[in-house]
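Visitor: fold the stuff below for me.
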Amino acid sequence: MDQYIAWFLLLAPLAASVTILLRLYSPNGAIFASVGSASLCFLIALGIAWGGIVAPTPWMWISLPGSNESPGLEIEIGMIFDALSKGMLLIVTGVGLLVHIFSIGYMAQDPGRARFFGGLSIFMFSMTGIVVSTNLIEMFFFWEGVGLSSYLLIGFWFTKESAAAAANKAFVCNRLADFGFMIGILTYWILMGTVSVKPIDLSNSYHQNAVSLPRVVSILTPEEIAAHTGTAISVRHIGGVNLTSPLLLTIMVLGLFGGCVGKSAMFPFHVWLPDAMEGPTPVSALIHAATMVAAGVYMLCRVYPLLLLSTFGLEFIACIGCFTAIFAALIAVQQNDIKRILAYSTLSQLGYMVMAVGCGGPDAAMFHLTTHAFFKALLFLAAGSVIHALHEEQDIWKMGGLDKKIPLTYWTFLLGMLALIGCPPFSGFFSKDYILADAHAFHPAFYWVGVATAFLTAFYMTRLVVVAFLGSARSKAAEHPHESPLVMTIPLIILAVLSVGSGLWGFWSSDSGMKNFYHNWAINLFSDTDPIPNNGHFITVPEINTGIELGIPFAAVFFGALLSYYLYLDRTTDPLHIRLLARKFYVDELYQRRLVRGQQLLAGLLNWIDAWILDGLILRGGAYISVGFGEVFRLFQTGSLQTYAFIFTLGGVLLIYFTLFAH
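Guide: Modelled structure (predicted):
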């Protein structure tokens, strides 16, 4: 019976979304259905984490037989409950439930609140599906479901032009990146003969030498593992397919990473995430900060053994993550919209996580993903409380003096900010420094870029707090704000506790700590392979020293916050005017002028060719000529005997003339 309970993890939010969007409930009934389904999902996730609920028996969806020359294809619909999925489930359902509760108060006066909660339920269905998928095809189905819910919720206020444009932008960026994801999945199937992300039956003749996704590294010998120092990994034949060429392996890795680039908004597909702030603030907290954008990082960790098959691919992942981290942090320094500052902060922190995966630390990436989900959801919801108090004002330079007027929102926001910048003993301090230790072990350049990003993070987040909350009010809305109701502040308090406590518990020395929980999961990826002392170069085991390596990031955070405090305290305008950062390095303008306008010009040219050349001249040209001749000959078909007699006589005269006088 327990295995059937697990299906309600998907069925409950799916049923809620369908019934809500079919308008079977009143607005209050829709809220009850959506929040109730989110609560049930969280309870089931707790049961799964404690081992009381087991994975259901999968059922076969597609089964195509293979041969010695070509692979077959078996796609199951099932669930995988390992350490990685259990941890991620608690994050998705726990944060999701808190956002649902917060939304009750935030969306109370919105006439479309039933549709909003229907969209949230679609997201919960799709996101939990990604987490528990047993194969990449099943994951891709839910992957697109998350894209659908994102589109619907970003464009929730569809009568607002900027919101509709932002929804389209997110949709296009993610669809382009998902094309790469499909190429990666297809290449993986061609090479390995499976799309599974869990151990498979090796009895099939084609797969007798193949391995499932988490066991791919077993094809390496201990000598090859020991010799892996940054050169391409030599891989033997699998099921008759020669994998010694690094090209296909690199295509597979980069294709899979393409899915992450879109969903987690890595450069150059980062442009959709800040614009996604046009949606309601709870959407920003749930989808575009805490869980949805983390799906890309989760997917990379899920397929991490595959990434090891391409050294170039792994290093490319580290470079993109590293660049995105500092690139987004620089832009955040000169943003004035409170939600956009947090959006670029999300981009930067996601860059940290992706860099950690590329540097051989999927455990560090998941550790930071967990803590980030708590404090970034807290920051976005607290920002929503500020916006709610100031009657939809989002410009930080029109705020000020809020620390005493909405103290609960201020203190919870401050705790989230301290966790984000990595101030000890808050959660971000432990998870961020764990990533920096992995980066230092991989290559010092990544470490120093990470330190610079930590300095910028402390700078722009301190700027946000000082300008928005301290000093005096700079607008009428900021003079008489009101604290949010309990239904909105209780989630803030819970997330504030998690933002502090998750770091302390996470770095516990025992196996119960979150850090060791994810590290043990990473170690177990290779537990059935040949012995790998300390996991060789595949799982970095950094020792975070209490000396220089730990002191430098802390010093960067301290001086970044201190500089920002003295630079912005009691200011009414921004003393910095860095146009390049304010305009976000002109990437959007570049895309608009070179890509969008270029695409429009190309579309116009192709439309002209289609209308006038292909359709007008080639396809319809013959028809037009025939019709023209027909119209001319119709002039002679009048039905009048006199006309026919005249034409007959004229023809006779012409015939006689040409016969007698032509020569």
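Visitor: quick one: low-confidence parts of the protein?
Guide: 1-2, 66-71, 198-245, 289-290, 506-513, 515, 524-549, 662-663 (pLDDT under 70).
Visitor: what do you get if the cut-off is 50, keeping everything else the same?
Guide: 199-242, 244, 509-510, 527-537, 541, 544, 546 (pLDDT under 50).
Visitor: quick one, longest helix in it?
Guide: helix 161-192 (DSSP state H).
Visitor: dump the helix or strand hosting residue 329 to CSV, keeping only the CA atoms.
Guide: Using DSSP states H and E, residue 329 falls within helix 311-332. Extracted in CSV, the C-alpha atoms of helix 311-332 (Å, rounded to 0.1, in the frame of the first residue of the first chain):
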residue,chain,number,x,y,z
THR,A,311,37.2,16.4,-19.4
PHE,A,312,36.6,19.3,-21.8
GLY,A,313,32.8,19.3,-21.0
LEU,A,314,33.5,19.3,-17.3
GLU,A,315,35.9,22.2,-17.5
PHE,A,316,33.5,24.1,-19.8
ILE,A,317,30.8,23.7,-17.2
ALA,A,318,33.1,25.1,-14.5
CYS,A,319,34.0,28.1,-16.7
ILE,A,320,30.4,29.0,-17.6
GLY,A,321,29.4,28.7,-13.9
CYS,A,322,32.3,30.8,-12.8
PHE,A,323,31.8,33.5,-15.4
THR,A,324,28.0,33.7,-14.7
ALA,A,325,28.7,34.1,-11.0
ILE,A,326,30.8,37.2,-11.3
PHE,A,327,29.0,38.6,-14.3
ALA,A,328,25.7,38.6,-12.6
ALA,A,329,27.2,40.0,-9.4
LEU,A,330,28.6,43.0,-11.2
ILE,A,331,25.3,43.8,-12.8
ALA,A,332,23.5,43.6,-9.4
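Visitor: what's the first helix or strand after that helix?
Guide: Where DSSP H and E defines the elements, the next helix or strand beyond helix 311-332 is helix 338-358.
Visitor: how far out from the middle of the chain is that following helix?
Guide: 11 Å (Cα atoms, centre = their mean, to the nearest Å).
Visitor: what angle do it and helix 311-332 make?
Guide: Angle of helix 338-358 versus helix 311-332, following axes from the mean of the first three to the mean of the last three Cα atoms, to 10 degrees, is 160 degrees.
Visitor: tell me what helix 338-358 is packed against?
Guide: helix 272-275, helix 281-285, helix 295-302, helix 304-307, helix 311-332, helix 362-389, helix 427-442, helix 444-469 (3 or more Cβ pairs under 8 Å, 6 or more residues apart in numbering; DSSP states H and E). Heads up, the C-betas are built off the backbone N, CA and C, glycines and all.
Visitor: what angle separates it from helix 295-302?
Guide: Put simply, helix 338-358 runs at 10 degrees to helix 295-302, going by the same axes, to 10 degrees.
Visitor: give the contact list for the residue nearest the centre of the chain.
Guide: Most central in the chain under Cα atoms, centre = their mean is residue 263, positioned 2.3 Å from the mean C-alpha point. Neighbouring residues of residue 263 by Cβ atoms under 8 Å, 6 or more residues apart in numbering: 143, 146-147, 174, 177, 292-293, 295-296, 299.
Visitor: now the helices for the stretch 101-250 of the chain?
Guide: With DSSP state H, counting those that start in this stretch, the ranges of helices along the stretch 101-250 of the chain come out as 113-132, 136-154, 161-192, 222-226, 246-263.
Visitor: which element is residue 61 on?
Guide: Assigned by DSSP H and E, residue 61 belongs to strand 59-64.
Visitor: what comes into contact with that strand?
Guide: 72-78, 138.
Visitor: in TSV: the contacts of residue 263, plus distance to residue 132 and neighbour count.
Guide: Putting those into TSV (distance: Cβ to Cβ, whole Å; neighbours: other Cβ atoms under 10 Å) gives the following:
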residue	distance to residue 132	neighbour count
143	13	24
146	14	23
147	18	21
174	21	24
177	23	23
292	16	26
293	19	29
295	13	24
296	17	26
299	13	25
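Visitor: let me have the residues you listed in TSV, extended by distance to residue 517.
Guide: Formatted as TSV, these follow (distance: Cβ to Cβ, whole Å):
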residue	distance to residue 517
143	25
146	25
147	30
174	30
177	30
292	23
293	22
295	20
296	21
299	19
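Visitor: and those, which is closest to residue 358?
Guide: residue 296 (12.9 Å; Cβ to Cβ).
Visitor: contacts only, for the closest one.
Guide: Residue 296 touches 259-264, 266, 350, 354, counting by Cβ under 8 Å, 6+ apart.
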